[in-house]
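okay, structure incoming, though there's no sequence with it:
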């Protein structure tokens with residue numbers, strides 16, 4: 001299909017991946033024009049401006065609501081008044097690692113039962129850095145087919161020896177690892193996965209993965225961004241299914257932006273990785289370190305998350321998850337994955353999903369449209385995300401909006417879609 005005639009309801013970002021031309025206009029005008037057409041139809045879901053305090057917002061990832069926590073906000077005011085600093089002003093390899101960075105590292109390493117921890121300005125940088133800093137071109141990477149963008153790009157940057165296993169398929173992982181070890185029994189064999197996949201709301205069998213790690217002398221890199229602090233009796237999510245004290249070849253990375261109400265990311269693991277990361281990890285060495293304020297907020301949030309108040313918030317969020325899942329199913333929606341704070345609502349056809357999205361925005365409901373290529377073609381979803389500060393009445397209202405919008409749109413396009 002010609003890019004010049006690609007309509008607002010047609011195609012995807014993949015149509016514009018192989019841009020060409022000598023000038024900026026030649027290279028990027030096709031995507032820009034397509035985006036403008038979608039904006040005119042109010043179906044452009046990217047980089048929208050919104051107020052995350054509005055009650056009809058089910059698109060943000062402040063799962064425990066800590067970005068609005070009064071205790072933390074007051075602590076921030078006191079911090080600024082006392083220390084008069086909000087900037088690390090340097091690479092953490094040089095002068096950008098502050099006393100607040102160190103305090104956060106020690107605290108998080110203890111919670112994750114690891115010997116060391118490194119802090120990054122963002123979770124993306126941390127997870128990308130875990131792969132690029134701890135693997136090289138001789139290593140083989142075996143990763144879940146649905147692994148996050150930061151992990152996929154990092155693998156491609158690092159080595160050509162990349163194999164993917166079917167999503168959460170442990171039998172296929174076993175098969176791929178066996179073949180990889182037969183091809184190379186000398187170098188690193190790195191498995192990459194996540195504890196909670198944000199597009200699917202599902203998790204791997206981590207105990208089985210660790211058995212395979214031992215069997216094939218492999219190293220695991222696991223991104224725990226979406227369940228740390230939110231799931232599990234202790235707030236450790238999927239990590240609670242294994243004994244971290246006895247796992248020596250595991251690298252844990254993640255973000256503070258999901259449960260902890262602030263930006264930032266981390267890598268935790270054995271002590272041996274510290275010198276490697278602080279001298280060889282590009283996103284650590286060549287970027288300004290996380291700010292003192294960032295580290296202070298993350299530390300305060302960790303104290304809250306792993307306290308009785310954190311248990312109360314997790315309990316409340318679980319109640320909302322159960323309520324939401326039941327209400328969606330009562331209204332004949334199909335949900336993907338397991339019940340968590342991430343509720344992937346299956347729509348299917350992209351045109352229908354885009355039109356529903358337009359309708360919802362007009363009604364004042366913020367919920368993220370996820371379309372191809374972020375999900376397979378013909379499997380568009382709305383990623384309905386819950387926060388502990390949501391109320392049942394808001395959830396019912398939002399689901400009713402989605403139900404009526406779906407009915408309206410399906411009637412409108414019945415003669416256009418097979």
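Structure received. Just so it is clear, the structure is predicted and the values come from calculations on it, not from any experiment.

tell me where the stretch 201-350 of the chain has helices.
206-216, 273-280, 282-285, 292-305, 308-330, 350-363 (DSSP state H, counting those that start in this stretch).

the shortest one packs against which elements?
Meaning helix 282-285. With contacts taken as 3 or more CB pairs under 8 Å, 6 or more residues apart in numbering; DSSP states H and E, helix 282-285 sits against strand 116-120, helix 123-134, helix 273-280. Glycine gets a C-beta too; all of them are placed from N, C-alpha and C.

repeat for the fourth one
The criterion is 3+ CB pairs under 8 Å, 6+ apart, and the helices and strands that helix 292-305 contacts are helix 70-83, helix 99-111.

now the angle from the last one to helix 292-305?
What that stands for is helix 99-111. Orientation check (axes from the mean of the first three to the mean of the last three CA atoms, to 10 degrees): helix 99-111 against helix 292-305 gives 30 degrees.

in helix 99-111, what's buried?
100, 101, 104, 105, 107, 108, 109, 111 (16 or more other CB atoms under 10 Å).

just the closest of those to residue 123, please.
Nearest to residue 123 among the buried residues of helix 99-111 is residue 108, at 13.0 Å by CB to CB.

any idea how far that closest one lies from residue 173?
For residue 108, the distance to residue 173 equals 28 Å [CB to CB, to the nearest Å].

low pLDDT regions in the stretch 51-200 of the chain?
51-55 (pLDDT under 70).

so what's residue 189 up against?
139, 140, 142, 177, 180, 181, 216, 217, 218, 219 (CB atoms under 8 Å, 6 or more residues apart in numbering).

tally of neighbours for the third one?
Read that as residue 142. When neighbours are defined as other CB atoms under 10 Å, residue 142 has 23 of them.

pull the distance from the helix or strand harbouring it to the chain's centre.
Using DSSP states H and E, residue 142 sits in strand 140-144. Put simply, strand 140-144 sits 18 Å off its chain's centre (CA atoms, centre = their mean, to the nearest Å).

got the contact list for that strand?
So strand 140-144 is contacted by 131, 135, 151-152, 155, 158-159, 161-165, 167-168, 173, 176-177, 180, 183-184, 187-194, 197, 204, 218 (CB under 8 Å, 6+ apart).

domains for the chain, by residue range?
70-305, 308-418 (automatic domain parsing).

which stretch among those domains comes nearest residue 5?
Here domain 308-418 is closest among the domains of the chain (CB to CB), at 16.5 Å.

pull out the buried positions in stretch 79-86.
Those would be residue 79, for stretch 79-86 by 16+ other CB under 10 Å.

on that earlier part again, could I get the helices and strands packed on helix 292-305 as JSON lines with distance to residue 378?
Converted to JSON lines, the helices and strands packed on helix 292-305 look like this (distance: least, CB to CB, whole Å):
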{"stretch": "helix 70-83", "distance to residue 378": "43"}
{"stretch": "helix 99-111", "distance to residue 378": "41"}
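
of all these, which one is nearest residue 326?
Smallest distance to residue 326 across these (CB to CB): 30.9 Å, for helix 70-83.

out of the helices and strands packed on helix 282-285, nearest to residue 27?
Smallest distance to residue 27 across those (CB to CB): 24.8 Å, for helix 123-134.

which of the residues in the helix or strand following the strand holding residue 142 are buried?
Next along the chain after strand 140-144, taking DSSP H and E as the criterion, comes helix 149-158. Neighbour counts using 16+ other CB under 10 Å place 150, 151, 152, 154, 155, 158 of helix 149-158 among the buried residues.

go on, stretch 115-129?
Result for stretch 115-129 [16+ other CB under 10 Å]: buried residues 116-129.

sorry, back to before: can you put the buried residues of helix 149-158 in TSV and add distance to residue 73?
Formatted as TSV, those follow (distance: CB to CB, whole Å):
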residue	distance to residue 73
150	29
151	33
152	36
154	34
155	39
158	40
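
pull the most distant pair out of the residues you listed.
Farthest apart among the buried residues of helix 149-158 - using CB to CB - are 150 and 158, which lie 12.4 Å from each other.

quick one, what contacts residue 213?
Here residue 213 is in contact with 191, 219, 220, 247, 249, 250 (criterion: CB under 8 Å, 6+ apart).

out of these, who has the most neighbours?
Of the contacts of residue 213, with other CB under 10 Å as the count, residue 191 tops at 28 neighbours.

give the contact list for it.
With contact taken as CB under 8 Å, 6+ apart, residue 191 is in contact with 141, 142, 143, 173, 177, 209, 212, 213, 218, 219, 220, 221.

show me the beta-bridge partners of the third one.
The partner list for residue 143 in beta bridges (DSSP bridges) reads residue 164, residue 192.

residue 377 - how many residues pack around it?
12.

assumed it was part of a helix.
No - applying DSSP: H, G, I helix; E, B strand; the rest coil, one finds residue 377 to be coil, outside a helix.

state the pLDDT value of it.
pLDDT for residue 377: 90.

next one: residue 4
Looking at residue 4, its pLDDT is 55.

now swap in residue 1 and tell me
42.

ok, residue 219 touching residue 188?
Yes - applying CB atoms under 8 Å, one finds residue 219 in contact with residue 188, separated by 6.2 Å.

what's the neighbour count on the nearest residue to residue 311 once chain neighbours are set aside?
Nearest in space to residue 311, with sequence neighbours left out and distances taken as CB to CB, 6 or more residues apart in numbering, is residue 235 at 7.7 Å. Neighbour count for residue 235, taken as other CB under 10 Å: 23.
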